[in-house]
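J.: test case, fold it:
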Amino acid sequence: MSTGAHTDPAVGTFPITPVVVRLKLSLLRNGLRQSGGRRAAYVASAVVALLFAALQLTGFVALRGHAHIASVSVLAAAVLALGWAVMPLFFPSGDETLDPTRLVMLPLRPRPLVRALLTASLVGIGPLFTVLLLVGCVVSVAHGAAAYVVAVPALALALLVCVALARAVAAANIRLLTSRKGRDLAVLSGLVIAIGAQLVNFGMQRLGSAGLAQLEPAREVLQWVPPASAVGAVDAASRGSYGIAVAQLALTAAALAALLGVWARSLTRLMTSPDASTLQPADTAVRERSRSAGLTRLLPAGRTGTVMERGLRYVWRDPKTKAAWVTSLAIGLIVPVFNALQGTGSPYFACFAAGMLGIQMYNQFGQDTSAFWMVALTISSPRDAYVELRGRALALLLITLPYATLVTVVTTALLDDWARLPEVLGLSFALLGAMLATGAWTSARFPYSIPQEGFKNVAPGQTGLAWISIFGGMVAAALLCSPVIALLIWANVSAGGASLTWLLLPVGAAYGAAITFLGLRLAAPRTAVRLPEILTAVSKG
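T.: Numbering: from 1, shown residues only. Have a look, this model is predicted:
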């Protein structure tokens with residue numbers, strides 16, 4: 001971005017808004033020309049999004065006159081703005097024009113560039129979806145001529161605030177979004193959607209039982225937070241509070257101006273300064289080595305400690321491995337805790353955490369991809385394979401064992417059923433041990449590749465292997481836990497066994513440790529024999 005005077009006056013006065021809009025349309029058109037599958041996916045997503053928006057618009061119009069429709073409309077506008085704010089963080093590649101550094105070599109000034117990019121942002125399915133939803137929000141609360149007059153600028157300001165918010169967030173974080181950490185965020189987008197769906201489900205159940213009246217406190221606050229304040233202005237005009245309506249519209253306009261100013265400053269900084277992410281201090285490597293050495297001293301010596309450290313580094317640094325772990329940790333906690341909060345849970349739901357975390361043992365060699373050849377070179381006997389598998393299992397246990405215990409204790413506390421804590425912990429430990437055992441065996445027998453790019457977790461042509469590995473292993477793990485399950489049922493059904501349920505904790509822990517040891521021993525010879533086949537399978541991605 002040039003900050004000096006232009007030698008050619010036409011360059012400074014040339015309208016770039018039509019050019020950027022045509023560029024956005026060209027990017028969209030060329031992207032759809034790449035394949036028929038992409039066109040079909042785009043058309044299908046457009047139809048679904050617009051159909052959903054049309055249903056929402058119809059619902060808002062049908063609810064006109066409802067006592068609490070203002071609360072719902074204001075809250076919907078706030079949630080819509082939140083979606084616009086966080087979407088660029090998880091889908092940075094969804095719109096190529098979100099990255100302004102691609103225009104860094106062009107002699108463009110901030111203000112014309114902001115206007116052009118803002119106009120281009122209004123092209124697409126997302127803005128049309130937003131317009132339909134905002135129309136429903138303002139129409140549902142508009143009553144009288146004055147309210148409809150206020151609704152026109154309110155709708156325009158709300159839409160522009162949503163778009164400017166997305167652009168400002170993207171510009172402020174574009175260095176992060178194009179780095180490895182940004183790819184981590186993109187991979188974790190599915191987790192955010194899953195957690196959000198759980199929260200929405202929980203909130204809808206609460207609203208269904210307590211009614212919409214409990215949204216009123218939220219409306220009192222959010223009606224002064226742009227862009228929800230624009231919907232609040234229409235509601236205020238409907239009630240004859242014209243001063244409040246003007247104040248809320250002014251607040252929305254001020255927020256838009258502030259967002260545009262922040263966006264312009266971010267553009268100036270991005271396009272006139274070097275990328276600091278590539279300029280690391282000289283002592284960074286020294287600090288990394290010292291931290292690594294400090295953590296390494298806590299691990300066992302020899303190959304076991306080395307394998308454990310490598311596995312933990314995968315969890316921390318590899319985007320796909322990190323996404324799988326965070327998803328398992330979150331869902332393993334959400335399912336039992338949310339069911340407990342809703343009063344429909346059971347302490348045994350805590351075993352869901354052990355099951356989700358135990359899945360991480362499956363396809364251990366797939367996360368190595370083609371680099372597995374370096375591991376294969378170090379394995380020359382079943383003993384080496386056993387130490388390798390044991391180190392990977394111990395790395396998992398460093399996370400899974402305390403986490404499964406924590407989830408069990410939290411679930412039991414929420415249900416106030418402390419008497420079942422020992423038996424649930426014992427069952428969780430037994431299940432975790434069974435999944436580690438079956439995971440070691442399936443890692444050797446059904447390995448598959450995990451693509452490093454994109455959202456797919458299985459290479460093409462290996463989906464069947466993944467299904468067999470995961471679901472077959474889970475069924476086998478459940479069968480291996482049958483002795484502990486039978487003992488648990490006997491202890492709860494028989495008259496004399498109820499007083500012995502506390503024995504299930506040491507029995508389950510011992511059984512889990514024994515079955516893990518046996519599974520590793522059985523999987524080691526097969527791993528040592530099938531090293532070429534494993535390398536071929538995990539290198540396809």
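
J.: per the record, what domains does the protein have?
T.: Here the domain assignment for the chain is 9-273, 305-538, based on automatic domain parsing.

J.: could I get these as JSON lines with distance to residue 297 and mean neighbour count?
T.: Where C-beta positions appear, they are placed from N, C-alpha and C, glycine not excepted. Shown next, in JSON lines, are the domains of the chain (distance: least, C-beta to C-beta, whole Å; neighbours: other C-beta atoms under 10 Å):
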{"stretch": "domain 9-273", "distance to residue 297": "27", "mean neighbour count": "17"}
{"stretch": "domain 305-538", "distance to residue 297": "9", "mean neighbour count": "19"}
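
J.: and residue 299, which of those domains is closest to it?
T.: Of all the domains of the chain, the one in closest proximity to residue 299, counting by C-beta to C-beta, is domain 305-538 (3.7 Å).

J.: where are the low-confidence patches of this structure?
T.: Residue ranges of the chain with pLDDT under 70: 1-14, 35, 37-38, 89-105, 174-213, 271, 273-296, 453-456, 495-499, 541.

J.: re the thing from before, distance to residue 298 for the domains of the chain - can I get that in JSON lines?
T.: Compiled in JSON lines, those are given as follows (distance: least, C-beta to C-beta, whole Å):
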{"stretch": "domain 9-273", "distance to residue 298": "25"}
{"stretch": "domain 305-538", "distance to residue 298": "9"}
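
J.: so residue 486: helix, strand or coil?
T.: Classification of residue 486 using DSSP: H, G, I helix; E, B strand; the rest coil returns helix.

J.: oh, I was asking about residue 459
T.: Per three-state DSSP, residue 459 ends up coil.

J.: let me know whether it touches residue 447 as I believe.
T.: No: between residue 459 and residue 447 there is no contact under C-beta atoms under 8 Å: 10.9 Å.

J.: pretty sure residue 229 contacts residue 248?
T.: Yes: at 4.3 Å, residue 229 and residue 248 qualify as touching, with contact defined as C-beta under 8 Å.

J.: could you name every residue contacting both of the two?
T.: Among the neighbours of residue 229, those also in contact with residue 248 (C-beta atoms under 8 Å, 6 or more residues apart in numbering) are residue 223.

J.: which residues touch residue 345?
T.: By C-beta under 8 Å, 6+ apart, the contact list for residue 345 reads 336-339, 411, 414-415.

J.: for the longest helix anywhere in the chain, name the packing helices and strands.
T.: In the chain, ranked by residue count with DSSP state H as the criterion, the top helix is helix 382-415. Applying 3 or more C-beta pairs under 8 Å, 6 or more residues apart in numbering; DSSP states H and E, one finds that helix 382-415 contacts helix 302-317, helix 319-341, helix 351-358, helix 421-445, helix 504-529.

J.: which ones are touching residue 112?
T.: Applying C-beta under 8 Å, 6+ apart, we find residue 112 in contact with 15-17.

J.: any chance of these in CSV, with distance to residue 127 too?
T.: As requested, these are exported to CSV (distance: C-beta to C-beta, whole Å):
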residue, distance to residue 127
15, 21
16, 20
17, 16
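
J.: closest to residue 141 out of the residues you listed?
T.: residue 17 (33.0 Å).

J.: contact partners for that closest one?
T.: The neighbourhood of residue 17, defined by C-beta under 8 Å, 6+ apart, consists of 112, 115-116, 119-120.

J.: okay if I get the helices and strands packed on helix 382-415 as CSV plus distance to residue 473?
T.: Putting the helices and strands packed on helix 382-415 into CSV (distance: least, C-beta to C-beta, whole Å) gives the following:
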stretch, distance to residue 473
helix 302-317, 18
helix 319-341, 15
helix 351-358, 9
helix 421-445, 4
helix 504-529, 10
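
J.: nearest to residue 23, of these?
T.: helix 319-341 (29.8 Å).

J.: picking up where we left off before, so which of the helices and strands packed on helix 382-415 comes closest to residue 237?
T.: Smallest distance to residue 237 across the helices and strands packed on helix 382-415 (C-beta to C-beta): 39.5 Å, for helix 319-341.

J.: helices and strands around the closest one, which ones?
T.: Where contact means 3+ C-beta pairs under 8 Å, 6+ apart, helix 319-341 is packed against helix 180-187, helix 189-210, helix 302-317, helix 351-358, helix 382-415.

J.: determine which two of the contacts of residue 345 are furthest apart.
T.: Largest separation among these by C-beta to C-beta: 338 and 415, giving 12.4 Å.

J.: what residues are up against the closest residue to residue 348 other than its chain neighbours?
T.: Nearest residue to residue 348 in three dimensions, chain neighbours excluded: residue 424, at 6.0 Å (C-beta to C-beta, 6 or more residues apart in numbering). Residues in contact with residue 424 (C-beta under 8 Å, 6+ apart) are 347-348, 350-351, 408, 411-412.

J.: ok, those residues vs residue 518, which is closest?
T.: If you rank the contacts of residue 424 by distance to residue 518 using C-beta to C-beta, residue 351 comes first, at 20.9 Å.

J.: from residue 523, how far out is the closest one?
T.: The gap separating residue 351 from residue 523 is 23 Å, by C-beta to C-beta, to the nearest Å.

J.: the longest helix of the chain to helix 504-529, inter-axis angle?
T.: With axes from the mean of the first three to the mean of the last three C-alpha atoms, to 10 degrees applied, the angle from helix 382-415 to helix 504-529 works out at 150 degrees.

J.: quick one: distance of helix 382-415 to the chain centre.
T.: Distance, stretch centre to chain centre, for helix 382-415: 23 Å (C-alpha atoms, centre = their mean, to the nearest Å).
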